[in-house]
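In: fold the following.
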Amino acid sequence: MPPRSGDAESLCLSMPKPKPSSSSGCRKMMRRSFLFLLGVAAAKASADYLSIEQNRSTFIKILGQLWQKAIAKLDSSQSNASNKPLPNAPLPQAGVTSEQKQTASLPQESVTTSPQSPQLTTATPTRVAPVQLERKTVAGVSFYQTTIDFADPETYITIGLANNATQANTATVTNGDEPFEKLVDRNKAAVVANGTFFGKDAQKAVLGNMVAAGQFLKYSRWENYGTTLGIRADNQLEMITARLEGKPEWSQHWFSLTCGPRLIKQGKIWLAAQSEGFKDPHVLNVAGRTAIGFPANRQQLFLITFLANLSLQQEAEIMKAIGCVEAMNLDGGASEALAYKGEILLPAGRNLTNVIVVYDRNHPAPEAIKTAWHRFQNGDRPQYPG
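Out: Numbering: from 1, shown residues only. Model (predicted):
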């Protein structure tokens, strides 16, 4: 007989019902408890670690390095998309602003690093020239780096003066200033760049003593401020801050240029602008920058033309990052200018009184400079005026 409806209901009620499974919930609770305890332990360990000041500094430094590498990588990918080979970069117009400097199309030779990692990797050249100009990027800041290698006997560095003068401007005698384009055209060198500071008044007197081709272009016994880059016999490089280390021996210099403030001393950032005698806010604050320095082997000079406005601290950090053990600031702002093989890569925003001039094998120095160099090596030295 088929079961009646009441019988079916009774049968269903009499059958054992399955018990709800709690194993899945237990596993979730155990996992959460474990993660909670693990988090508590990690937090306690982190608190113990960071309670030590040295550990905190290390942790913050690592975070900073990671952040700077991320920014540098982003900047490199953006800059590599539009770079063009030297020397056919479009020329910025006179009066270029710092914003235009950053966005101008520049040469291809570009690398990126951060101030904490001084080792730079560059595109491997087929032939290393004694005077090289590359565009690089460090910590998001683009710049031209001119590397002057004195191992080649045809490499010479000197100073060009406005209006082809033989003496630099002083407080009593002046030869005025001159457009950068004329200075480039007259010197016909591998590299021409802005040099040291000069006055804004009618005299336009240059800062500090100055020696070129073994002869004084300017000398005053009372000069005792700023920092001097000097080149002695056999291209021995030195950097001296007068108020810290005493006056340089200008009479022993083949080339000597005083500017500042100093950025790197014995491999460490060293900034004491006011104690060197600098008070102008255009020097002390953020500004367009040019710098010069040399590495530990003292066989090259690095002339750096920055394409962004920087503080002295930022400038010093980058000079250290590219390997300088000694470095100083040069004139900048509207004076910042650079020409390579006769092509103006960065025009000056005003007339200049003096420029750094570099000759190489393909852009040979005048015979008078070569003759003066040999005489200097044989013992001739600049004679103090008066």
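
In: rest of the way, CA atoms for contacts and neighbours
Out: Will do.

In: quick one, longest strand in this protein?
Out: Secondary structure of the chain per DSSP state E: the longest strand is strand 300-310.

In: packing partners for it?
Out: helix 98-103, strand 141-149, strand 287-294 (3 or more CA pairs under 8 Å, 6 or more residues apart in numbering; DSSP states H and E).

In: quick one: work out the angle between that strand and strand 287-294.
Out: Interaxial angle, strand 300-310 versus strand 287-294 (axes from the mean of the first three to the mean of the last three CA atoms, to 10 degrees): 160 degrees.

In: what residues does strand 300-310 touch?
Out: Here strand 300-310 makes contact (CA atoms under 8 Å, 6 or more residues apart in numbering) with 98-99, 101-102, 141-150, 286-295, 324, 336-338.

In: re earlier: which among the helices and strands packed on strand 300-310 is found nearest to residue 173?
Out: Closest of those to residue 173 is strand 287-294, at 26.9 Å (criterion: CA to CA).

In: chain center to the closest one: distance?
Out: 7 Å (CA atoms, centre = their mean, to the nearest Å).

In: about what we covered before: just put the helices and strands packed on strand 300-310 in CSV and tack on mean pLDDT and distance to residue 176.
Out: Below are the helices and strands packed on strand 300-310 laid out as CSV (pLDDT from 0 to 100; distance: least, CA to CA, whole Å):
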stretch, mean pLDDT, distance to residue 176
helix 98-103, 44, 27
strand 141-149, 97, 28
strand 287-294, 98, 22
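
In: could I get these as JSON lines with mean neighbour count?
Out: Shown next, in JSON lines, are the helices and strands packed on strand 300-310 (neighbours: other CA atoms under 10 Å):
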{"stretch": "helix 98-103", "mean neighbour count": "15"}
{"stretch": "strand 141-149", "mean neighbour count": "22"}
{"stretch": "strand 287-294", "mean neighbour count": "25"}
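
In: of all the ones you listed, which one is nearest residue 362?
Out: Evaluated with CA to CA, the helices and strands packed on strand 300-310 place strand 141-149 nearest to residue 362, the distance being 13.7 Å.

In: how big is the angle separating that closest one from strand 300-310?
Out: Using the same axes, to 10 degrees, strand 141-149 lies at 160 degrees relative to strand 300-310.

In: what sits up against the helix or strand following strand 141-149?
Out: Next in sequence after strand 141-149, counting helices and strands by DSSP states H and E, comes strand 156-161. Residues from elsewhere that reach strand 156-161 (CA under 8 Å, 6+ apart): 150, 167-168, 183, 187, 212-213, 255, 353-360, 365.

In: who touches residue 357 in this structure?
Out: Here residue 357 is in contact with 157-160, 187, 189-193 (CA under 8 Å, 6+ apart).

In: start to end distance for stretch 216-233?
Out: End-to-end span of stretch 216-233 (CA to CA, to the nearest Å): 16 Å.

In: ok, and for it, which residues are buried?
Out: Residues of stretch 216-233 classed as buried: 216-219, 224-233 (neighbour count, 16 or more other CA atoms under 10 Å).

In: just the ones of those residues in strands?
Out: Assigned to strands by DSSP E, the following of these qualify: 216-218, 227-231.

In: out of those residues, flag the one nearest to residue 199.
Out: Nearest member of those to residue 199, counting by CA to CA, is residue 218, at 14.4 Å.

In: for that closest one, give the beta-bridge partners.
Out: residue 210 (DSSP bridges).

In: verify the stated contact: it with residue 209.
Out: Yes. Here residue 218 reaches residue 209: they are 5.1 Å apart, a contact under CA atoms under 8 Å.

In: let me have the helices and strands packed on strand 300-310 in CSV, adding distance to residue 250 as columns.
Out: Listed next are the helices and strands packed on strand 300-310 as CSV, based on distance: least, CA to CA, whole Å:
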stretch, distance to residue 250
helix 98-103, 35
strand 141-149, 22
strand 287-294, 18
